[in-house]
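Peer 1: here is a sequence together with a model predicted from it:
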Amino acid sequence: MTDDPEIQERPESDYSRQTVRRRQLRTGYTTGSCASAAAKAAVQSLLSGEPVTQVTIHLPVGEDVTFQVHRCQREPEGDSVTCSVIKDGGDDPDVTHGAEICATVRRDATLDGEGVRIVGGPGVGTVTRPGTGIEVGEPAVTRVPRRMIAESVGQASVDQGLESDAGFVVQISVPGGEEIAKKTTNSRLGVLNGISILGSTGVVQPFSTAGWRGAAPPSVAVAAPRPPCNRRGRHKRCALPGIVHRHPQ
């Protein structure tokens, strides 16, 4: 361990300890993990009528982790609850470190059997161009975080006596997200007015290449012009279909 008191006093997440011992760098958690935790806490509070101070979710890497809930409040209308988690990026130079990731949840019985509908709130970007793997017009919440949110909400529903596919509308928002997004490549990808909710493992590894590798395919897919088609030939397939037309699943 280091003798630097600032490093010693900096809290570490449970999942980071092995990394800290080896490299003295803390791992952190993705915006997707934070959104999932906030959504689960909001459902628990909505159904129980009690505020929630911490919540445990299951990460795609197979670990369970407990998040402290920063804010938990019932909205004035009375039919929804907002909970938030502060994003901890560990020792990674992540522009979203310290951001408040919020989830506002309301019950919607018309969605029973379908589960969760995710909508974007202030500070979460909207997809305006194809190629990111998210439908145009949808909030910039990628595939794995969407699944994590749905699973976390389903678990909270079961814990409170409902079916796992009980219907809820989950709005994800990030105060100050539009300003944070100016420090990212979102605008180049056609993701406007906020940040993206990301993460394929749920964990942020400091100074890893995972973020760059994850961003490269959609960057190419969005930026690359459509290649010319061979209209005079017998087949009408365009060149490089894997780059231009194939989106992440």
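Peer 2: Done, it's in.

Peer 1: worst-scoring helix or strand of the protein, pLDDT-wise?
Peer 2: Lowest mean confidence among the helices and strands of the chain (mean pLDDT, DSSP states H and E): helix 241-244, at a mean of 35.

Peer 1: and Val169, helix, strand or coil?
Peer 2: Of the three states, Val169 takes strand under DSSP: H, G, I helix; E, B strand; the rest coil.

Peer 1: that one is in contact with Ala109, isn't it?
Peer 2: No - applying C-beta atoms under 8 Å, one finds Val169 not in contact with Ala109, separated by 11.0 Å. C-betas here are computed from N, CA, C, even on glycine.

Peer 1: more neighbours: which of these two?
Peer 2: Legend: neighbour count by other C-beta atoms under 10 Å for Val169 and Ala109, higher for Val169 (16 against 9).

Peer 1: in stretch 72-83, what counts as buried?
Peer 2: Residues of stretch 72-83 classed as buried by neighbour count (16 or more other C-beta atoms under 10 Å): 72, 80-83.

Peer 1: so where's the protein uncertain?
Peer 2: Residue ranges of the chain with pLDDT under 70: 1-23, 208-249.

Peer 1: the residue most central in space within the chain and Asp108, how far apart?
Peer 2: Nearest to the mean C-alpha position of the chain, by C-alpha atoms, centre = their mean, lies Gly32 at 2.3 Å. As judged by C-beta to C-beta, to the nearest Å, Gly32 and Asp108 stand 22 Å apart.

Peer 1: again, but for Thr56
Peer 2: Computed with C-beta to C-beta, the distance linking Thr56 and Asp108 is 25 Å.

Peer 1: repeat that for Ser196.
Peer 2: Here Ser196 is placed at a distance of 25 Å from Asp108 (C-beta to C-beta).

Peer 1: who's more crowded, those two?
Peer 2: Counted by other C-beta under 10 Å, Ser196 and Asp108 do not tie: Ser196 has more neighbours, with 28 against 16.

Peer 1: wait, the more buried one sits on Asn186?
Peer 2: Yes - with contact defined as C-beta under 8 Å, Ser196 reaches Asn186; the gap is 6.2 Å.

Peer 1: overlap in contacts, those two.
Peer 2: 125, 140 (C-beta atoms under 8 Å, 6 or more residues apart in numbering).

Peer 1: got the phi and psi for the residue nearest to the centre of the chain?
Peer 2: Here is the backbone geometry of Gly32 (degrees, to the nearest 10): phi -60, psi -40.

Peer 1: same check, this time on the one 5 residues further on
Peer 2: Listed backbone geometry of Ala37 is phi -60, psi -40, with angles given as degrees, to the nearest 10.
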